[in-house]
Structures are given as C-alpha cells and as structure tokens.
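A.B. asks: Any chance you can model this:
(2 chains)
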There are 2 protein chains.
Amino acid sequence: MSAAERVLVVGGGPGGLEAARGAADLGAEVLLVEAKAELGGTPWEAYATLTPHLKPTRELMAEVVGQVASHPRVDVRTDTRVVASEGEAGHFQVTLEQGGARTVESVGAVIVATGFQHFDPGRETQMYGYYEYDDVITLVDAERMMQQGKLVRPSTGAPPKSVAFIQCVGSRDRRIGNQYCSKVCCGIASKQSIEVKHLVPDAKVFIFYIDMRMYGFWEDQLYWKAQEEHKVNYIRGIVTEVIKKGDQLLIKGEDTTMGRPVEVLMDLVILSVGMEPSAGTLEMGRIFQIPREPHGFLATVGEPLDTVSTPVAGVFVAGAAAGPKDLEDTVSMGGAAAMRAVSFLRRKASQSA
Amino acid sequence: MSAAERVLVVGGGPGGLEAARGAADLGAEVLLVEAKAELGGTPWEAYATLTPHLKPTRELMAEVVGQVASHPRVDVRTDTRVVASEGEAGHFQVTLEQGGARTVESVGAVIVATGFQHFDPGRETQMYGYYEYDDVITLVDAERMMQQGKLVRPSTGAPPKSVAFIQCVGSRDRRIGNQYCSKVCCGIASKQSIEVKHLVPDAKVFIFYIDMRMYGFWEDQLYWKAQEEHKVNYIRGIVTEVIKKGDQLLIKGEDTTMGRPVEVLMDLVILSVGMEPSAGTLEMGRIFQIPREPHGFLATVGEPLDTVSTPVAGVFVAGAAAGPKDLEDTVSMGGAAAMRAVSFLRRKASQSA
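C.D. replies: Predicted coordinates for the structure are as follows:
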C-alpha cells in the first residue's frame, strides 16, 4: 500500500482511538498500534468510572473501541510495539514488533498518543509510606478496588471508617523534579470521594489540598456536590508525614486555613499521584526524534494556537504524551490530530502530483 | 453549490478559524460568518498578549487569520450574521444578513464557534465599585491599555504604585447565578501581573484568590514565575468590599491563610471577570435549536469522550460557546469539529449514494 494516505497511530487509549477513528472516517487508512493486549488505554485499564458523571469507563468507551476495532480502514495491532522508524514525512518506514516477529510498514504521517504513567510514590516513600504501610494506597489502587465494587482497608479487608486523600503527590514539587500541576488529580480525588461515600456511607472523608483546581464545570459538578451532598471535608493544608499509630495512620501537617498544626488518625490514605510521560512516550520521542519540552513531555509547536503539531514534519501528538491533559483535552486533541495528519498528507500529495 | 460538502462556521475567533481552515484543508467548501468587521474574535480584539508566553496576540494569530482569509475554499463573510435556519443535517438553508441584505445559503453541516462574553461587573457594582470608581477596571480594560503599551490609573493618567487583582468576579458564585469556574482568569491575571511589573517595575502587585487554578504547565510557566521572578504577592482571601478612601481604593476582606482581616490601600483594582455565553452563542442556540446545558452554554453530547457534537445532527461546537475554555481547548475543539463535520458529511453522502 502507498504510504501517501496511511496514518500510523501509536497508542490505543482515548486520544489514539479518537485519532484513529477520525482519520479513518476522513478516508485515510489507519494502522493503530497498541503495546497491550486490549484497546482502551489507561482509563480502560485503571479507572472504574470517569469524571464528571461517574459513569463506568468501559460502558462509556465500549462504543469507540468497537467502532475502531470494526472500522474497515483501521488495521489494529495489539501486543505490538513500534521499535524503529526511518525516512521522513510522507514516507516513514516503521518497524513493528509483535511477539518477536518484526515487520516494516510504510506510513505517511504519525500520531503519537502514548500517554502518561502515574507518578510512583516510592520516590516519596519516606514521607507518605506508600511502600511501608498497606493502608496507604494511590488513586489507581482505589479505582482498582472500585472496579470490583468495593473499598476496603488492605490491611484488614474491612471498610474504612475514615479516608484521607493527599493531593499533589508527585506534582507541583521542585524537590522531586515535577514542577507542573498534573491537572486531573483534583477532579479524580473529588470524584472518588463521592464514590467512597456511595460504597461506605458512614466513612468520614477528607481531602488535603493546596489549591482545588476544579476548573470549568467541575466546580459544581464535583466540588460543590462532594461537599454539599456527600459531606466531604476539604482541608487546605500541607501534609508533612504519614506514620503508623496502632492499626491506623497518623497524618501530620498544617491546616493553612486555620493556621494550626493538624494531626488526624485515618483508616485509609489515598495518594493523588500525578502524571509523568509514559515509557512509551519517551520511546516514541526517541524513535521519531521529537524534542521534549522542559517538563519532559513531547514538545508541540505553536502553543497555544496549535496543540498537536510536533517540531517533526508529519508527526503529531494527542493527549498526555504532550503534558498533563484531562479526557476532554485528550479527545479533542485526538480529533484535531486526525484532521491535521490527513490534511498534511493530502497537501503533500497535491504538491507532488 | 451542493450543500453536501459545504460547512458553515459561525464565528471567526480562534475556534472558528481553526475549524474553517481544518475543514477547508480536508477538501470541504467553508462559509465562515463573522458578525464583526475583522476576523480574530475576542483574543484579537481584546487581548494584547496570550498565555503562556506573553507574546503579542496579533503576531501569533496573523498566520491563521491570513491562511483562512486567503484559502481558496473558505468564503469569508465579515459584518454578517446568521439570522435563520431551516432544514436539517445535510440540507440546512441558512439565512445570512449583511448590511440589511439577506441571502440564503445551502450548507450540509454547521460549526458554532461564537464564544463567550466577559461577565459584566455591574451586576456586582455594590461590592466592587466598577461603575462607581474610575480606578476599578476589568482584565479586559487592562489588556486594552497594554495594547497601547501602558498601564495607568484612569483617574490620574499616572502609573499605579499598587495594583490588586480580585479573582472569581462573576464565577464560582451561586448568588449571581454563575456556579462554574471560568477556567482562564487565574492564568490571565498571573500573565497580567507579570506585564504590570514590566510596565511599572516599582508597582506592588497583589492577587486575591480563592484557589489558584494554574493547571498543567501554567504552574511554573506563570504562577511560579510571577512570584519568584516578579515578586507578585498572592493572597488567599475573600474581598468583601472596595471603597474609595482619599484618592485610593481601600480593599477590605479576609486573608484566609493568615486568618485575619485585611485592609489595604491600592491605586488600581483589576477585576478578573469570568465567562458567560455570548449573545451570538445564545442566538445560535436558538436558531439551530441546540439545547443549553445547566450553566447556560450550548450542550454537547458524549462528555467526556466527545467534546464537539451537539444533540442536533450535523451541528457541532468549538470553544467557549460550550463552556469555559482556554485557548488550547478552543483550538483543539476547532480541529476536532472540522474532522467531525467533514466526516459526518462524507458518511451522509456515501449513505445516500
């Protein structure tokens, strides 16, 4: 097949799915490569429900996954990795590896949608005890329990009577090297706080935060709702330490609104871990020679007026590979990248015709 | 011309420009209608510079404005309004009015990109004195001065020695009816605070805020930069009153971090006014029968996995017509809407062929 009207989409999460469906709907042939066994990406794998409506992820995403998988112009390769690329815009020769077998494919343009990985709180282990205490978990660990319709203390298997979220773990933190805000953790913690109250109605729920970044409609859809309907307690403060006390966890810090130290005992502590570029994102940056912006994500050009073009001709990006993005950002970028990639190829074809 | 491959884009701001260029690059004929005399929308008209890099708006936007205006497949109609629409997806008959003359145009799909208007602080006049005191201005008034390379006290024409920004004016406020967060005002105020220090290096600058919603890279690009390089003072607190005292303005409120009342005299007060649906957005909602979501903006379906489709077949939305959006959101949505509109028309054409 000619490379001229063929687009490689790397990554089968929400950004890659939207990009693949979009480019294929516009008439291009799409090669969609996903390293894992299933399409759907991080939300499909790790998130029981999605902001802002708390609906089941797989129910929401099944339609787009199905449309992409059955699309006559999308060639889906799961369990497959992009391992090398040669050539340039209009004529990339991309090497794929699946189960040890390598093939070379010709594509005209590339959309990188390889997303993020969650910050590993091991780097902060001395502070919050993620690897020391069973009952210190992350947002993702909590979602995995919620996928099974429960929320319990890992140490006992019993529902917690008190739950504390600690925000900005791995974000807004010069010491650990991530200066940026990860954008979605305030929304996810607020969503989870409501779900905790659904699952364990008697639990007391606290969210320790610096700023609640509940932008746009999240303000009343999630933040007000959590407080007014579900009696979630938001405490503005800095948590300096989580230590074991008896069979509970003692949270020490400062309530900056009240201007006093705070020490509270909790059954379960949930760390709101931020976003970092995924291994796949770093690898695609290397393979397609996409520069990284100062925070380590893939660079785009033209910010704020072009969110998806990288400095490499014919290579576009969608979603959190380019920085912290919420789902709406990611899906909009997927659609925009599809438009840009297809129009790029048509312009190139008309120039060489 | 057949309606089948013709897209109407309403609004020539960043979302409409991106949508128009995108749809035209994909091969569709585009009819771009703008009520004002110039393309560029609210940023072009009202903002001297753009976040996050503080570059001149017109310099940044000139390229896309030029590309759209000179695109062989974009028919630009400025000083023109959409006043009526009949028919349905694939076959809209849209009535345009320009200088009293009406024409009817056939289009297959519609992208509404009519944006927002700034909250009018007159509604809060008793609190902040916008219509009472010359030296109480809005973010937009400040930008207009900065477009001329200056920042002065309107009462005297002299540079201010002290400047206070008040955040969340017309946002996060049940009393005035806008429950949502307007998303961009924290970023714009922080950007302006840096510009104030460029223009008036000796000025003391304060930002009174509830939460600084400096999501993503704005955190260090603007928020840290304002504090560390430009010594801007961020004060978490509620401002209850602005009153005239001598030839200055007395700000009364509460510093919630310090837990004490605050009273400070300022030379200039800048109100960070939020977003509301523009008159054009409400009018397009009526004409194309697009339902409004609970906050009053145009409704989209499929949130968070589809940001641009309205409940009306063949009608899409880009940018702040659908709620508070930053420029990146708006431009991504413009590209996504172009993709959706063109693929919608091609699917329709293939079904009826």
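
A.B. asks: residues of stretch A:49-65 that come out buried?
C.D. replies: By 16 or more other C-beta atoms under 10 Å in any protein chain shown, the buried positions in stretch A:49-65 come out as A:49-52, A:54, A:57-58, A:60-61, A:64-65. Where C-beta positions appear, they are placed from N, C-alpha and C, glycine not excepted.

A.B. asks: quick one: contacts of the host helix or strand of A:C168?
C.D. replies: Using DSSP states H and E, A:C168 maps to strand A:162-169. Residues outside strand A:162-169 that contact it (C-beta atoms under 8 Å, 6 or more residues apart in numbering or on different chains): A:119, A:121, A:124, A:128, A:138, A:151, A:181-182, A:185-186, A:189, A:192-193, A:196, A:200, A:203-210, A:239, A:242, A:249, A:251, A:264-274.

A.B. asks: same thing with stretch A:89-96?
C.D. replies: For stretch A:89-96, contacts defined as C-beta under 8 Å, 6+ apart pick out A:3-4, A:8, A:33, A:77, A:80-87, A:102-110, A:312-315, A:344-345, A:348, A:352.

A.B. asks: still on that earlier bit, what is the distance between the strand holding A:C168 and the centre of its chain?
C.D. replies: 19 Å (C-alpha atoms, centre = their mean, to the nearest Å).

A.B. asks: packing partners for the helix or strand following it?
C.D. replies: Later in the chain than strand A:162-169, the nearest helix or strand by DSSP H and E is helix A:185-199. Applying 3 or more C-beta pairs under 8 Å, 6 or more residues apart in numbering or on different chains; DSSP states H and E, one finds that helix A:185-199 contacts helix A:139-147, strand A:162-169, strand A:204-209, helix A:218, helix A:225-228, strand A:268-273.

A.B. asks: Can I get the longest strand belonging to chain A in PDB, CA atoms only?
C.D. replies: Scanning chain A for the strand with the most residues, using DSSP state E, yields strand A:233-245. The C-alpha trace of strand A:233-245 is given here as PDB (Å, rounded to 0.1, in the frame of the first residue of the first chain):
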ATOM      1  CA  ASN A 233     -14.300  17.700  54.100                       C
ATOM      2  CA  TYR A 234     -11.800  19.700  52.100                       C
ATOM      3  CA  ILE A 235      -8.800  20.800  54.200                       C
ATOM      4  CA  ARG A 236      -6.400  23.300  52.800                       C
ATOM      5  CA  GLY A 237      -3.000  22.300  54.100                       C
ATOM      6  CA  ILE A 238       0.300  20.600  53.800                       C
ATOM      7  CA  VAL A 239       0.700  17.000  54.900                       C
ATOM      8  CA  THR A 240       4.300  16.500  56.000                       C
ATOM      9  CA  GLU A 241       4.100  13.000  57.300                       C
ATOM     10  CA  VAL A 242       2.100   9.800  57.500                       C
ATOM     11  CA  ILE A 243       3.100   7.400  60.200                       C
ATOM     12  CA  LYS A 244       1.700   4.200  61.700                       C
ATOM     13  CA  LYS A 245      -0.100   4.600  65.000                       C
END
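
A.B. asks: That strand: which residues count as buried?
C.D. replies: Buried residues in strand A:233-245, counting neighbours by 16+ other C-beta under 10 Å, are found at A:234-237, A:239, A:242.

A.B. asks: go on, stretch A:96-104?
C.D. replies: Residues A:96-97 are the ones in stretch A:96-104 that count as buried (16+ other C-beta under 10 Å).

A.B. asks: same check, this time on stretch A:150-162
C.D. replies: Judged by neighbour count (16+ other C-beta under 10 Å), stretch A:150-162 contains these buried residues: A:151-153, A:159-160, A:162.

A.B. asks: nearest to chain B, of those residues?
C.D. replies: Checking these against chain B with C-beta to the nearest C-beta, the nearest one is A:L151 at 22.9 Å.

A.B. asks: before we move on, the earlier item: pick out the most distant pair among the buried residues of stretch A:150-162.
C.D. replies: Greatest spatial distance among these (C-beta to C-beta): A:V152 and A:S162, at 13.3 Å.

A.B. asks: So what's the residue count around the residue nearest to A:E195 when sequence neighbours are not counted?
C.D. replies: In space, and not counting its chain neighbours, A:E195 is closest to A:M146: 5.8 Å by C-beta to C-beta, 6 or more residues apart in numbering or on different chains. For A:M146, the neighbour count with other C-beta atoms under 10 Å in any protein chain shown is 18.

A.B. asks: Now for the residue positioned nearest the centre of chain A: which residues touch it?
C.D. replies: Chain A has A:F116 as the residue nearest its centroid, 5.2 Å off, counting by C-alpha atoms, centre = their mean. Residues near A:F116 by C-beta under 8 Å, 6+ apart: A:42, A:275-278, A:281, A:320-321, A:324.

A.B. asks: Chain B next: which of those residues are close?
C.D. replies: Contacts with chain B are made by A:P324 out of those, judged by C-beta under 8 Å from any C-beta of the partner chain.

A.B. asks: ok, and the most crowded of the contacts of A:F116?
C.D. replies: A:A320 leads these on contacts (other C-beta under 10 Å) with 34 neighbours.

A.B. asks: quick one: A:F119 from chain B, how far?
C.D. replies: 15 Å (C-beta to the nearest C-beta, to the nearest Å).

A.B. asks: Surely that residue is in contact with A:S171?
C.D. replies: Yes. Under the contact definition of C-beta atoms under 8 Å, A:F119 touches A:S171, with a separation of 7.2 Å.

A.B. asks: which residues do these two both contact?
C.D. replies: The contact lists of A:F119 and A:S171 share A:178, A:182, A:274-275, where a contact means C-beta under 8 Å, 6+ apart.

A.B. asks: remind me which residues of chain A are low pLDDT?
C.D. replies: For chain A, the stretches with pLDDT under 70 are A:1-4, A:124-126, A:353.

A.B. asks: ok, which stretches of it are helices?
C.D. replies: Per DSSP state H, chain A carries helices over the ranges A:14-25, A:41-46, A:57-70, A:125-128, A:139-147, A:185-199, A:218, A:225-228, A:279-287, A:327-352.

A.B. asks: relative to strand A:162-169, how tilted is the fifth one?
C.D. replies: For helix A:139-147 against strand A:162-169, the angle between stretch directions is 140 degrees (axes from the mean of the first three to the mean of the last three C-alpha atoms, to 10 degrees).

A.B. asks: Dump helix A:139-147 to PDB, restricted to CA.
C.D. replies: Taking Å, rounded to 0.1, in the frame of the first residue of the first chain, the C-alpha atoms of helix A:139-147 are listed here in PDB:
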ATOM      1  CA  LEU A 139      -5.800   6.900  43.300                       C
ATOM      2  CA  VAL A 140      -5.200   4.000  40.900                       C
ATOM      3  CA  ASP A 141      -5.200   1.400  43.700                       C
ATOM      4  CA  ALA A 142      -8.500   2.800  44.800                       C
ATOM      5  CA  GLU A 143     -10.000   2.700  41.300                       C
ATOM      6  CA  ARG A 144      -9.000  -1.000  41.000                       C
ATOM      7  CA  MET A 145     -10.900  -1.800  44.200                       C
ATOM      8  CA  MET A 146     -13.900   0.300  42.900                       C
ATOM      9  CA  GLN A 147     -13.800  -1.700  39.700                       C
END
